[in-house]
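what follows is a predicted protein model with its sequence.
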Amino acid sequence: MRHEHVSLTANTCAMPVFDQGKANGFDPLVLNTERLVDLPKINLGDYVEAFRNGQYSGMVVGQKGTSGGLQQLTLLLRNGKTTTIRSDNVAFCLKGFADSQQESQTLAEPINWRDVDADGLLQNIPPAYSRAVQHYQRTLSMTKGISHQGLTQIYQQFATKDAQTEASLDELASVAFKSDKPTVLQRHATFLHLVSDNVHFIPARDVRGSDSWTIRSEIECERLTRIIESIRRRDASYTGFLSRMKSLVVFYQTHADPVLGTFSQTALELAPSVTNTLTKSDKEYVNFIVDWIRSPKVVVDSPYEVFVPNMLKALKCYDQLFYDRWLAIRFLREIGMFKPWDNVGLLEDAKIAEEFVWSKESQESDRKMEAYTAAFLSGQHTESDDGFASIRHDFGDLAVYTIDDPSAKEIDDGVSIEHIPGDDSAWLHVHIADPTTYIDPANELAQLMQQKAQTLYLPERHFPMLSEELSSKKFSLGSTAHKNKSGSQYALTFSTRIDTKGNLVDCKVRPSLVKNVVKVFYDDLDAILKPVATVSYDPLVDLSKSFSHPSNDAFALKDSRNQESKSTVPESAKKDLFDIFQMAQRHSMYRVTNGAINFTRPSPVIEILPEPLDLPQNHFTAPSYASHLPAVRVTLDKSAFSPARKMVAETMIMGGRVASQFAHAHNIPLPFRAQVWNPAASSTQCRLREELLASRDPISGMIGTQEMTKYVSLLPPTIVTTQSKMPHVVMGINDGYTRATSPLRRYMDMVVHWQLKSHLMGQALPFSKDNLQALASRIMNREKQLSLLQQRGIQFWVISLLDRMRVDGFTDRMEWNCIVNVPSRVALTELGGTMDVASGTLLELGVRGRIEKLDRNLEVGEVVKVRISSLEPISGRINLELI
């Protein structure tokens, strides 16, 4: 699998102009994704509903920022007392409550909102404010009571028999109060009704910002109600369930390895005596507990928060202070629902991955994808169906080098160099797989890909955006994929020439035919490039270390297969590849001159055997215990120190620049990617920015890990825009960039291809500027969600490996080097106390941890020795202590 290419720059490119038809306004499919909402700041004088071991309602009279972008809030309650909560406990906020006309009549005394102490607490709070809270709550209660009938009709209006639906608070309040524009009071009353009915209504994770609610199906509500009533009555099915589950838990605790969770073969032979006694109703109760694990953490309690802890207590198997989700996961492991190695945290994020796994939607998507794969591979598409045949450029026998890992199957790019007789310059051609020849943007297959947005890479397995068989046998470049009668393959080629300073001096975009494809492995190309390449290693990062369990021997066969005895670089290809490397180097220098900032940070690479590995079940069917664990190895990513990988990445950046320059020259809207320095930066931030740029290596643009920790917060976010010629400052590109080189793995790269090829054919563009911007924003949010899911998966497996190695006392003995990312701060403990903590990255593993119980201040960039004090694989936390 290739690491995602980094991005880079360009000049105006000449190309014959076709009449550009009017964009036909193809409407992008609305993605079914959880929203990514920036929650608004809560201010003094706002009224909030907060939930933390109960419900708290009142006006904010104190606020100050805390770690993680949260706020510590002080609420004035109706009885005149105050209480302190965090902003992530707030599910509803009525902005400007104190200044609203209704309440200002109650408040005769003016208040100075700037009169706050060091903790942000308002000084001299007039008694009238308590009366204002009381008055508002009475009015709210009266409104809710009068509208009881309308509120109870909400569920019938929105529910369906067998599927969840979604609605906004405004939509729900409109039905309850029969008003197109419900008032603030009516919205608040509706919110309180929804909160009180947690069987029928589920708030979104970000409900305070999105106002979004999910309405459970009628079937699901009936099931929940039946189980809850059974638990309340303690009927025979429920008490029998407790008895049979206790037997399973006792069996596990008696026979399983206390750290690894595995069983001896003898113990497994005894298992049927306790596993074969389960009833259908037992499975329903277990799945009720599973549903708690699967439901995202939200501010408001669900029925599970009330009843699952009581079920776990009733087992009388656990002597715990907290009967929480983590104990529920332990219980599910002990009854054989989850394997010892399962990343159960993925289930909480199942909504994010529902297009890939664990849903009816993913099953239907897989079925349709299989049907399309069979149709394409049966030869139903012929050469006569190529709508771009008239403008395809045939590269004939020009060598096309596809450079990748030996295991790669989705080969979506290759590079060529074409020397011009009598000219010192040469053309660099970046050839990209061309699935858009076969797939129209309005096709059902395109919609399936849009829903996924990109390939999902998890340590256990990857879920391709396109079927792997379809990608490798039909669309991919290389020996495994489809060829036409002349032995050629379709591509979309981005071509450019560059001058001695790395400037793009010409460029072309053409559908093409490629024939002479030469497969080269990264490591083989590294062997011939390293003698002429300059590779800068970070003294803080030791790339030679690896950690594995049960031992590295499990990977010996895999390692031997990857060590080919014969190089894949033909002698005849060496000059071409050296020349391509030199062009890439010149272009890299151009970007560095224009401010490119290159930095690496230790990043873990997870290997698991056997591969692929099944993901955890999301539905209980029968107990299953394991006798051994999959092998796991963690190393640090070396790709940033590979000349071959950097060369390929640079050529892909050049391809993206060519696409961007061509689009600008012909007024073609594309999803351009940009990074712009903050124009409102303070003088301090501007000074730090200058320090950052001055500290770069003048040749490579590299900054060391320790230096970069001081500046990383300055880097602007990447945005997607339809405005061309926007800078991408971190890449050193001043005149526009887009991504176009991974259409087999990224949907937006296919969008770029559709737009460019439609223009080349003189056809209407499939995406207008407006719907392209809307689509790009949604897809970018989706990509962020999937990226976070992938990162959490990596963190889980690193922590799991460390957890396994506790058996040998490894974590107790090992000293780690840790670089501080977040300086010392005060954090809350689970019991409501406080402690001094900092955050840092373990340099040997590339994962974050929290340094606890500090006895001195730690500053950003400081490297300290730490020891692991505790591990929490499910929550993804490593707790560290200074040595």
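Now that the structure is in, tell me what you want to look at.

can you tell me the helix or strand for K519?
strand 516-521 (DSSP states H and E).

next one: I329
Secondary structure from DSSP H and E places I329 in helix 325-334.

distance from the chain centre to that helix, please.
Taking Cα atoms, centre = their mean, to the nearest Å, one finds the center of helix 325-334 at 25 Å from the center of the full chain.

which strands or helices does that helix pack on?
Identification of packing neighbours for helix 325-334 by 3 or more Cβ pairs under 8 Å, 6 or more residues apart in numbering; DSSP states H and E yields helix 236-255, helix 280-294, helix 303-315. For glycine as for every other residue, the C-beta is placed from the backbone atoms N, C-alpha and C.

now the shortest one: mean pLDDT?
Here helix 303-315 scores 96 as its mean pLDDT.

what's next to it, contact-wise?
198-199, 224, 227-228, 231, 242, 245-246, 249, 285, 288-289, 291-292, 295, 318, 323-324, 327-328, 331 (Cβ atoms under 8 Å, 6 or more residues apart in numbering).

that one: which residues count as buried?
The neighbour-count check on helix 303-315 (16 or more other Cβ atoms under 10 Å) flags 303-305, 307-309, 311-312, 314-315 as buried.

do the same with the longest one
For helix 236-255, a neighbour-count test (16+ other Cβ under 10 Å) marks 237-238, 241-242, 244-246, 248-249, 251-252, 255 as buried.

widest-spaced pair of the buried residues of helix 303-315?
Farthest-apart pair in these is P303 and L315; separation 18.8 Å (Cβ to Cβ).

which other helices and strands contact the following helix or strand past the helix holding I329?
Later in the chain than helix 325-334, the nearest helix or strand by DSSP H and E is helix 345-348. Helix 345-348 is packed against helix 280-294, helix 769-804, with contacts defined by 3+ Cβ pairs under 8 Å, 6+ apart.

in CSV: these, plus distance to F581.
Listed next are the helices and strands packed on helix 345-348 as CSV, based on distance: least, Cβ to Cβ, whole Å:
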stretch, distance to F581
helix 280-294, 49
helix 769-804, 30
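
turn those helices into TSV, columns for mean neighbour count.
Shown next, in TSV, are these (neighbours: other Cβ atoms under 10 Å):
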stretch	mean neighbour count
helix 280-294	20
helix 769-804	19
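
what are the ranges of the strands in the stretch 651-800 of the chain?
In the stretch 651-800 of the chain, the strands defined using DSSP state E, counting those that start in this stretch lie at 672-674, 702-703, 719-721.

strands paired with the second one, and their directions?
Looking back up the chat, that one is strand 702-703. strand 598-599 (parallel) (DSSP bridges).

what does the partner strand contact?
Around strand 598-599, the neighbours that count as contacts under Cβ under 8 Å, 6+ apart are 592, 696, 700-705, 708.

and stretch 430-437, by the same measure?
Stretch 430-437 has contacts (Cβ under 8 Å, 6+ apart) with 386-388, 395, 400, 411-416, 466, 471, 474-477, 490-495, 511-512, 514, 651-652, 654-655, 658, 740-741, 743-744, 750, 753-754, 757.

which parts of the protein belong to which domain?
Following automatic domain parsing, one gets these domains for the chain: 47-213, 218-348, 360-676+716-790, 814-882.

surely M750 touches M449?
Yes: with contact defined as Cβ atoms under 8 Å, M750 reaches M449; the gap is 6.9 Å.

who touches both of these two?
Taking Cβ under 8 Å, 6+ apart as the criterion, M750 and M449 both touch I439.

more neighbours: these two, which one.
A direct count of neighbours by other Cβ atoms under 10 Å for M750 and M449 places M449 higher, at 27 against 24.

let me see the ranges of the helices in the stretch 1-150 of the chain.
101-104, 128-146, 148-152 (DSSP state H, counting those that start in this stretch).

for the stretch 551-700 of the chain, that is, sorry about that
Going by DSSP H, counting those that start in this stretch, the stretch 551-700 of the chain shows helices at 556-562, 574-593, 643-665, 683-694.

which of these sits closest to L458?
helix 556-562 (18.7 Å).

which residues sit against the strand holding K519?
396-406, 411, 414, 477-479, 489, 564, 568-570, 573, 577.

same thing but at 7 Å, please
397-403, 405-406, 414, 477-479, 564, 568-570, 573 (Cβ atoms under 7 Å, 6 or more residues apart in numbering).

related to what we said a few turns ago, make JSON lines out of the helices of the stretch 1-150 of the chain and add mean pLDDT and distance to R114.
Shown next, in JSON lines, are the helices of the stretch 1-150 of the chain (pLDDT from 0 to 100; distance: least, Cβ to Cβ, whole Å):
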{"stretch": "helix 101-104", "mean pLDDT": "56", "distance to R114": "18"}
{"stretch": "helix 128-146", "mean pLDDT": "94", "distance to R114": "16"}
{"stretch": "helix 148-152", "mean pLDDT": "97", "distance to R114": "40"}
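
got these as CSV, with distance to Q675 and mean neighbour count columns?
Below are those laid out as CSV (distance: least, Cβ to Cβ, whole Å; neighbours: other Cβ atoms under 10 Å):
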stretch, distance to Q675, mean neighbour count
helix 101-104, 44, 14
helix 128-146, 45, 16
helix 148-152, 47, 15
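
of all those helices, which lies closest to M780?
Among the helices of the stretch 1-150 of the chain, if distance is taken as Cβ to Cβ, the winner is helix 148-152, at 37.4 Å.
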